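*Asks:* Okay, sequence plus prediction incoming.
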Amino acid sequence: MQIKKIFYTFWNLPKSTKVKYAVIVIISGVIIAKKLLSQQKQKRQPQPANQLSPNESDAIIVQEICYPNIVSKVDSQNHLSQFALPRSMELINQLLDNSSRKRNVDENLKYYLIETLEERDLQNYYSIKKLSIKKQLQQYCTKMIHVRGDGNCFYTSFGYQFMKIVIYQYSDEEFDQFLQENFTIPFKIQLNDISFGNEEQQRELLNQFRDRIKYLRNLEKYYKQHEHYSNQLVRQFRAHEMQDDLDGYFQPLTTLFLRNLSMHIVEQSEDGQNVVDKETLLKWEEECNSNEQVIAMLAKHLRLHIQLIFFAGEEFQVLEYSKEYENKNRSIILLIKPGHYNIGIKN
């Protein structure tokens, strides 16, 4: 009866008033329907792809694998958290602004790792023409990675291969030992005779490098079967500028670390007296003329087997260091033609 009364009351209203009430009712209905639909979608919405499950969050805290703008910091239990880049990173920008960024070179030649050359291109690159020499070279090297020529090519060639060993091949015990033995060294930055930053800033950069290594190792450890994570090192190492999820800082940090580590080893070793121009070890984009002695000391200190393939004319000579580590998956191949190093690969 109440509903019928309301209906007759509405029916006897003036036409204009009925239209107004009808519009109000329609609008209200639309609003209520939208709210109900939104609530239903929220209930059905799946968990985002980059959201970790409860089990995963016990092992790794970061929810999104983005790299440099927000860099992942690793705590004492190898868990990841996020924090902004330290202000001391501006020292790297100053270093690059006053060196490589001043030079006008082709864009493709700015990458620290330029391209991989197959066997025939490798032979052509080093002018190997005789069949007998080609067969000899096959025993040591079948491909190469062309490295940027900038005065740091030794540290790029050595550093990339060494980081692959540290991140992908070290056991947890070896990795912890590497960090304990080598991350108390100074982290000086020097271009020509100009030094950059104070000790506190330099220490921040050393810690930043350590955290990036831990970050990449954690990606390999927890996402081993995912192709995207297994190629992160080459992506980070190759980059020379900020682009997408890359910032171009990994190679400069690696080079600074290895220059300072080389100086530390030379100063602590009895054989260091044979490095007559050790002051060049810390100078950005300068090559040490006593590099073979430095290579020998690095091989011994880092427990690596290093093959140095020296090309001259249409022939080559092989020098080997710490050969006792050859069969322990700890080998590095360096290709050198006077003035430039590249990375050797043996399939």
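*Replies:* Nice, I can see it. All figures in this text were calculated on a predicted structure; none of them were measured in a lab.
*Asks:* can you map out the strands along the stretch 151-300 of the chain?
*Replies:* Assigned by DSSP state E, counting those that start in this stretch, the strands in the stretch 151-300 of the chain fall at 190-191, 194-195.
*Asks:* any idea which of these is most buried?
*Replies:* Highest mean neighbour count among the strands of the stretch 151-300 of the chain (mean count of other C-beta atoms under 10 Å): strand 190-191, with a mean of 18. Bear in mind the C-beta positions are built from the backbone N, C-alpha and C, glycine included.
*Asks:* Check the offset of that one from the chain's centre.
*Replies:* Here strand 190-191 is found 23 Å from its chain centre; the criterion is C-alpha atoms, centre = their mean, to the nearest Å.
*Asks:* what does stretch 182-201 give?
*Replies:* 21 Å.
*Asks:* Mind listing what's buried along that stretch?
*Replies:* Asn182, Phe183, Ile185, Phe187, Lys188, Ile189, Gln190, Leu191, Phe196, Gly197, Gln201 (16 or more other C-beta atoms under 10 Å).
*Asks:* these two touch, right, Phe154 and Asn291?
*Replies:* Yes. Using C-beta atoms under 8 Å, Phe154 makes contact with Asn291 at a distance of 6.3 Å.
*Asks:* that older thread, in helices, which of the buried residues of stretch 182-201 fall?
*Replies:* Among those, the residues falling in helices (DSSP state H) are Asn182, Gln201.
*Asks:* I'd assumed Tyr155 was in contact with Leu298.
*Replies:* No. Leu298 lies out of contact with Tyr155 (C-beta under 8 Å); the separation is 10.5 Å.
*Asks:* Now do the shared contacts for the two.
*Replies:* Contact criterion C-beta atoms under 8 Å, 6 or more residues apart in numbering; residues shared by Leu298 and Tyr155: Leu258.
*Asks:* So between the two, which is more surrounded?
*Replies:* Tyr155 (25 against 22; other C-beta atoms under 10 Å).
*Asks:* Quick one: end-to-end length of stretch 295-315, please.
*Replies:* Taking C-alpha to C-alpha, to the nearest Å, the first and last residues of stretch 295-315 lie 22 Å apart.
*Asks:* between the strands of the stretch 151-300 of the chain, which one is nearest to Phe250?
*Replies:* strand 190-191 (19.2 Å; C-beta to C-beta).
*Asks:* quick one: contacts of the closest one?
*Replies:* In contact with strand 190-191 (C-beta under 8 Å, 6+ apart) are residues Leu95, Asn98, Ser99, Phe196, Leu282, Lys283, Trp284, Glu285.
*Asks:* let's go with 7 Å and repeat that
*Replies:* Taking contacts as C-beta atoms under 7 Å, 6 or more residues apart in numbering, the residues outside strand 190-191 that touch it are Leu95, Asn98, Ser99, Leu282, Lys283, Trp284.
*Asks:* among these, who's most crowded?
*Replies:* Trp284 (23 neighbours).
*Asks:* Cross-check the contact I'm expecting between that residue and Asp97.
*Replies:* No. Taking C-beta atoms under 7 Å as the definition, Trp284 is not a contact partner of Asp97, at 12.0 Å.
*Asks:* Asp150 in helix, strand or coil?
*Replies:* coil (DSSP: H, G, I helix; E, B strand; the rest coil).
*Asks:* Tell me how far it lies from His340.
*Replies:* Asp150 sits 10 Å away from His340 when distances are taken as C-beta to C-beta, to the nearest Å.
*Asks:* Would you mind checking which helix or strand in this protein has the lowest mean pLDDT?
*Replies:* Within the chain, confidence by mean pLDDT, DSSP states H and E is lowest for helix 54-59 among all helices and strands, at a mean of 29.
*Asks:* Mean confidence (pLDDT) on stretch 207-220, please.
*Replies:* Mean per-residue pLDDT for stretch 207-220: 90.
*Asks:* typed the wrong thing, it's stretch 154-163
*Replies:* 98.
*Asks:* which outside residues touch it?
*Replies:* Counting by C-beta under 7 Å, 6+ apart, 112-113, 147-148, 233, 237, 251, 254-255, 258-259, 287, 291, 302, 332, 334, 341-343 sit against stretch 154-163.
*Asks:* and what of stretch 164-177?
*Replies:* Against stretch 164-177 from outside (C-beta under 7 Å, 6+ apart): Phe178, Ile213, Leu216, Arg217, Glu220, Leu233, Asn329, Arg330.
*Asks:* Could I get the contacting residues of the nearest residue to Leu109 once chain neighbours are set aside?
*Replies:* The spatially closest residue to Leu109, leaving aside those adjacent along the chain, is Arg148, at 6.5 Å (C-beta to C-beta, 6 or more residues apart in numbering). Neighbouring residues of Arg148 by C-beta under 7 Å, 6+ apart: Leu109, Tyr111, Tyr112, Ile114, Thr156.
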